[in-house]
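Trainee: Got a sequence here, can you build the structure:
(one chain, ligands or ions: 1)
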Amino acid sequence: MTVNFPISRTCPFAPPDEYERLREQAPLVRARIPRGEVWLVTRHAEAQQVLSDHHRVSTDPASPGHPMPLMRPDDPSEEELEIRRRFQAGQFIDMDPPEHSLYRRMLIPEFTVRRVREMRPAIQEATDLLIDDMIRAGSPTDLVDAFGFSLPSMVTCALLGVPYSDRDFFRARTRKMMDTGVGSSEEGIAAAIEVWYYLDKLITVAEREPGDDLIGRLVTARRETGELTHDALVGMVFLLLIAGHETTANMIPLGVHALLRHPDQLDALRADPEGWPLAVEELLRYHSIVDWVGFDRVATQDMEVGGQAVRAGEGFFVLGASANRDPRVFDDPDTLDIRRGARNHLAFGYGVHQCLGQNLARAELEIAYRTLFERLPTLRVLGEDDELPFNYDGVVFGTRALPVAWSL
Ligand code: HEM
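Mentor: Predicted coordinates for the structure are as follows:
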């Protein structure tokens with residue numbers, strides 16, 4: 001049987017209903033996409049297999065048969081291809097090993113558990129500053145704008161060494177990119193190009209005088225090894241910005257919302273704050289904000305997945321949101337259970353492309369949730385869930401606003 005794809009979510013807090021049916025039908029399901037067909041990978045085990053087999057599976061959109069170009073109604077124009085070629089340099093999320101490893105290796109030291117531990121005081125300070133601002137401006141507010149979006153923006157600026165005076169520019173453009181979709185609207189593309197040129201300038205300055213921040217260290221490493229072009233360096237930093245921003249910015253309000261709607265679980269965390277790290281894992285699994293758009297692959301050799309023969313040149317969309325609700329791995333998967341203790345979710349992916357920033361993301365989410373609920377214990381969501389402007393078509397699932405109120 002061949003199904004039509006993509007399939008929309010019916011409830012904002014769960015993958016599309018259809019995913020469950022497909023998952024029980026087979027681990028691989030054939031699907032029709034705008035200009036071809038693709039394999040949907042529905043179960044956890046097969047998702048791990050496809051995402052970790054970089055010998056037979058490619059993530060490069062230029063590989064023959066890659067499904068992403070087939071999602072567009074037409075081929076890109078020459079002009080678009082030219083823009084993409086320039087901006088594609090250094091975007092190692094779209095590369096296969098060994099090229100991918102060259103880039104990723106340079107960044108690994110920036111995201112170790114130890115390095116992230118050193119960043120925690122700065123994350124805590126940014127969190128407290130934002131909550132001070134919220135309190136000063138008064139209840140009610142939009143938590144996405146006042147907090148969820150702003151915290152990752154501040155953390156990214158600190159990580160990359162964006163000067164304080166440029167933060168408003170940076171924040172406005174990244175918000176525009178997030179609201180409109182980086183690659184899917186003229187406005188989003190225009191904002192992305194502005195950010196790219198901004199980073200281009202920032203890196204040019206750092207090339208003359210490298211500071212003690214991520215960009216400074218990359219510039220120095222590049223000088224020593226001569227491995228990177230200037231454009232590739234800009235591209236790498238741009239990727240960090242996009243990958244780290246939209247994801248965390250969407251997870252913060254969604255997690256706050258989920259806990260406010262499950263007060264028993266929030267109470268349990270208030271009674272035992274040691275439970276926060278596991279709660280973060282469960283919120284990541286439950287929401288699965290990165291679904292198939294982040295897990296687009298193509299077979300480069302004939303292979304077998306879940307008993308199904310797959311030929312070279314056939315594409316995959318791994319349904320991350322389905323794998324994270326696979327009852328073969330998670331008991332009672334549709335229930336939010338902050339004590340579940342399951343770290344084997346695929347919210348950060350799996351294999352060589354597994355999220356490079358996951359330690360940082362975990363720290364940001366934990367500090368954000370814990371501090372917000374500690375400092376604003378009466379926090380509540382205003383209005384009904386069906387009034388919230390959920391973003392059903394974005395690269396990452398989320399809500400564009402979350403009205404909240406509190407009393408002190
Ligand atoms: C809640 C937050 C986050 C989620 C859910 C998330 C999710 C993901 C996922 C699913 C992938 C794998 C994509 C694939 O397989 O192709 C990924 C890759 C990546 N993420 Fe994250 N991410 C988050 C936060 C961050 C942060 C804070 C950073 C850095 C500042 C970051 C940087 C990256 C990078 C650079 C990659 C590409 C890795 C590679 O291709 O080797 N992410 N992320």
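Trainee: what number of residues lie near the residue of the stretch 101-250 of the chain found nearest the ligand?
Mentor: The nearest approach of the stretch 101-250 of the chain to the ligand comes at G244, 2.6 Å away (Cβ to the nearest ligand atom). No exception for glycine: its C-beta is placed from N, CA and C like everyone else's. G244 has 22 neighbouring residues, counting by other Cβ atoms under 10 Å.
Trainee: Kindly state the pLDDT recorded for it?
Mentor: G244 is assigned 87 on the pLDDT scale.
Trainee: Now the closest residue to the ligand within the stretch 1-150 of the chain. Nearest residue, chain neighbours left out?
Mentor: Per Cβ to the nearest ligand atom, I93 is where the stretch 1-150 of the chain lies closest to the ligand, at 3.8 Å. Excluding the flanking residues, the one nearest I93 by Cβ to Cβ, 6 or more residues apart in numbering is L239, at 5.9 Å.
Trainee: Tell me how many other residues crowd P273.
Mentor: 13.
Trainee: residues in contact with it?
Mentor: Contacts for P273 (Cβ atoms under 8 Å, 6 or more residues apart in numbering) come out as R370.
Trainee: And I131, by the same measure?
Mentor: Contacts of I131 by Cβ under 8 Å, 6+ apart are F147, T371, L372, R375, L376.
Trainee: these two touch, right, I252 and G148?
Mentor: Yes: I252 lies in contact with G148 (Cβ atoms under 8 Å); the separation is 3.9 Å.
Trainee: Identify the contacts common to those two.
Mentor: With Cβ under 8 Å, 6+ apart as the test, I252 and G148 both reach A368.
Trainee: The nearest residue to P389 once chain neighbours are set aside: what's it in contact with?
Mentor: Excluding its sequence neighbours, the residue lying closest to P389 (Cβ to Cβ, 6+ apart) is R400, at 4.4 Å. Contact partners of R400, counting by Cβ under 8 Å, 6+ apart, are V144, D179, P389, F390, N391.
Trainee: a helix runs through the first one, doesn't it?
Mentor: Yes: when classified by DSSP: H, G, I helix; E, B strand; the rest coil, V144 is found to be part of a helix.
Trainee: list the contacts for it?
Mentor: By Cβ under 8 Å, 6+ apart, V144 lies in contact with A249, P253, T399, R400, A401, L402.
Trainee: these two touch, right, the fifth one and A146?
Mentor: No: checked against Cβ under 8 Å, the pair A401 and A146 is beyond contact range at 10.4 Å.
Trainee: quick one, what contacts H66?
Mentor: S58, D60, D296, R297, V298, G315.
Trainee: would you turn the contacts of I131 into CSV with secondary structure, neighbour count and pLDDT?
Mentor: As requested, those are arranged in CSV below (DSSP: H, G, I helix; E, B strand; the rest coil; neighbours: other Cβ atoms under 10 Å; pLDDT from 0 to 100):
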residue, secondary structure, neighbour count, pLDDT
F147, helix, 24, 97
T371, helix, 18, 98
L372, helix, 25, 98
R375, helix, 16, 98
L376, coil, 18, 98
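Trainee: among these, which two are most distant?
Mentor: Spatially, the most separated pair among these is F147 and R375, at 11.1 Å (Cβ to Cβ).
Trainee: which residues are in contact with stretch 21-28?
Mentor: By Cβ under 8 Å, 6+ apart, stretch 21-28 touches 1, 3, 29, 39-43, 45-46, 305-308, 310, 319, 322, 325-326.
Trainee: Double-check that C11 belongs to a strand.
Mentor: No: counting by three-state DSSP, C11 falls outside a strand, being coil.
Trainee: Look up the closest residue to it, ignoring the ones flanking it.
Mentor: D17 (7.8 Å).
Trainee: what do you get for P140?
Mentor: A405 (4.0 Å).
Trainee: Just give the nearest non-adjacent residue to L356, would you?
Mentor: Closest to L356 by Cβ to Cβ, 6+ apart is F111, at 5.6 Å.
Trainee: could you list every residue that touches the one you found?
Mentor: Each residue near F111 by Cβ under 8 Å, 6+ apart is listed here: L356, G357, Q358, N359, L360.
Trainee: Narrow those to just the buried residues.
Mentor: L356, G357, N359, L360 (16 or more other Cβ atoms under 10 Å).
Trainee: now, which of these sits nearest the ligand?
Mentor: Nearest member of these to the ligand, counting by Cβ to the nearest ligand atom, is G357, at 2.1 Å.
Trainee: Now do the same contact list for that closest one.
Mentor: Residues near G357 by Cβ under 8 Å, 6+ apart: F111, L240, A243, G244.
Trainee: Mind doing that once more with 6 Å?
Mentor: F111, G244 (Cβ atoms under 6 Å, 6 or more residues apart in numbering).
Trainee: For it, give me the pLDDT.
Mentor: pLDDT, read off for G357, is 97.
Trainee: that older thread, filter the contacts of F111 to keep only those in contact with the ligand.
Mentor: Restricting these to those near the ligand by Cβ under 6 Å from any ligand atom leaves L356, G357, L360.
Trainee: surely the last one meets V116?
Mentor: Which is L360. Yes: with contact defined as Cβ atoms under 6 Å, L360 reaches V116; the gap is 5.1 Å.
Trainee: quick one on the thing from earlier: hmm, T141 and the residue nearest to P140 touching each other?
Mentor: No: taking contacts as Cβ under 6 Å, A405 lies outside contact range of T141: 8.0 Å.
Trainee: out of these two, which sits in the busier spot?
Mentor: T141 (19 against 14).
Trainee: Now do that one against G148, distance only.
Mentor: 11 Å (Cβ to Cβ, to the nearest Å).
Trainee: again with R167
Mentor: In terms of Cβ to Cβ, R167 sits 17 Å off from G148.
Trainee: Could you check which of those two has the larger neighbour count?
Mentor: A count of neighbours by other Cβ under 10 Å puts G148 above the other of R167 and G148, at 27 against 16.
Trainee: Chain neighbours aside, what residue packs nearest to F330?
Mentor: Using Cβ to Cβ, 6+ apart, the nearest residue to F330 is A342, at 5.9 Å.
Trainee: Could you pull out the helices in the stretch 201-350 of the chain for me?
Mentor: According to DSSP state H, counting those that start in this stretch, the stretch 201-350 of the chain carries its helices in the segments 214-225, 230-261, 263-271, 276-287, 320-323.
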